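Visitor: Can you look at this prediction? I've put the sequence above it.
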Amino acid sequence: MRKQLLFFALFVLSVITLSAQPISVGSVAPDFSLTNIDGATISLSDYSNEKGVMVIFSCNPCPYVIAYEDRIIDLHNRYASQGFPLVLINPNDAEKQPVDSMDEMRVRAEEKNYPFPYLKDEDQSVYEAYGATRTPEIFLLKNNGNGEFVVAYTGTVDDNYKDASAVTASYASEAVEALLKGETPNPASTVAIGCSIVAKN
């Protein structure tokens, strides 16, 4: 009986793990309407005049986010003017992790002078729709010109979260550069390195 229960538990875990995958490159990105730290509602459709959007699932306390934070800000500063602004989304349950409350998000954004929206995925429907599992996790979206955004790259910022000076592959910026040239990002996906998203259940 114990072996059967163990097998069932492992099966359920494997199903959960397999289902927890980012939406595939080439998929239409789900729209969203989320509250920004300034109280405004921001939607993906608000960016219809842009060439694309970098959607990054993030949070306040994760050491990987903190390590990448300046590089994430730099991505926006480098590419927003070229048609690829960045949007940060915090999906973590603030009841389980109070440091990810909207108030604490405002504090962090002010401390780092975020130049982009910092949105709260309060009901966690957006991160689930995107299949995000980590913070930080990038979804680079390309505007296909008919009101839809298509996933062009998913994964991590670069290949060295510990040391920005030791990076040898800047995956996110290289993906944006490829799109600006009319090319397909290669690689189109990498493994997101970060903290597990704090789910409600």
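Guide: On my side now, so go ahead. Numbering: from 1, shown residues only.
Visitor: Report the secondary structure element holding the residue sitting nearest the centre point of the chain.
Guide: Centroid check for the chain by CA atoms, centre = their mean gives residue 56 as the closest residue, at 2.5 Å. Using DSSP states H and E, residue 56 falls within strand 52-57.
Visitor: In its sheet, which strands sit next to that strand, and in what direction?
Guide: Its sheet considered, strand 52-57 pairs with strand 86-90 (parallel), strand 137-143 (antiparallel) by DSSP bridges.
Visitor: mind saving the C-alpha coords of the last one as CSV?
Guide: C-alpha atoms of strand 137-143 as CSV (Å, rounded to 0.1, in the frame of the first residue of the first chain):
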residue,chain,number,x,y,z
GLU,A,137,11.8,34.9,-15.6
ILE,A,138,11.6,36.7,-18.9
PHE,A,139,9.0,36.5,-21.7
LEU,A,140,10.2,38.6,-24.6
LEU,A,141,7.1,39.3,-26.8
LYS,A,142,7.0,40.5,-30.4
ASN,A,143,4.2,42.6,-31.7
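Visitor: From the chain's centroid, how far away is the next helix or strand after it?
Guide: Sequence-wise, the next helix or strand downstream of strand 137-143 (DSSP H and E) is strand 149-155. Mean C-alpha position of strand 149-155 versus that of the full chain (CA atoms, centre = their mean, to the nearest Å) differs by 10 Å.
Visitor: now do stretch 46-58
Guide: 11 Å.
Visitor: what is the mean pLDDT for that stretch?
Guide: The pLDDT scores in stretch 46-58 average 97.
Visitor: what do you get for stretch 182-194?
Guide: Stretch 182-194 comes out at a mean pLDDT of 97.
Visitor: May I have that stretch as CSV, with CA atoms only?
Guide: Taking Å, rounded to 0.1, in the frame of the first residue of the first chain, the C-alpha atoms of stretch 182-194 are listed here in CSV:
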residue,chain,number,x,y,z
GLY,A,182,14.3,41.0,-38.2
GLU,A,183,15.9,37.8,-37.1
THR,A,184,14.8,34.9,-34.9
PRO,A,185,16.4,34.8,-31.4
ASN,A,186,18.9,31.9,-31.0
PRO,A,187,18.6,30.4,-28.5
ALA,A,188,14.8,31.1,-28.3
SER,A,189,14.6,29.7,-24.8
THR,A,190,16.9,29.1,-21.8
VAL,A,191,16.2,27.9,-18.3
ALA,A,192,15.1,30.6,-15.9
ILE,A,193,17.4,30.8,-12.9
GLY,A,194,15.7,32.1,-9.8
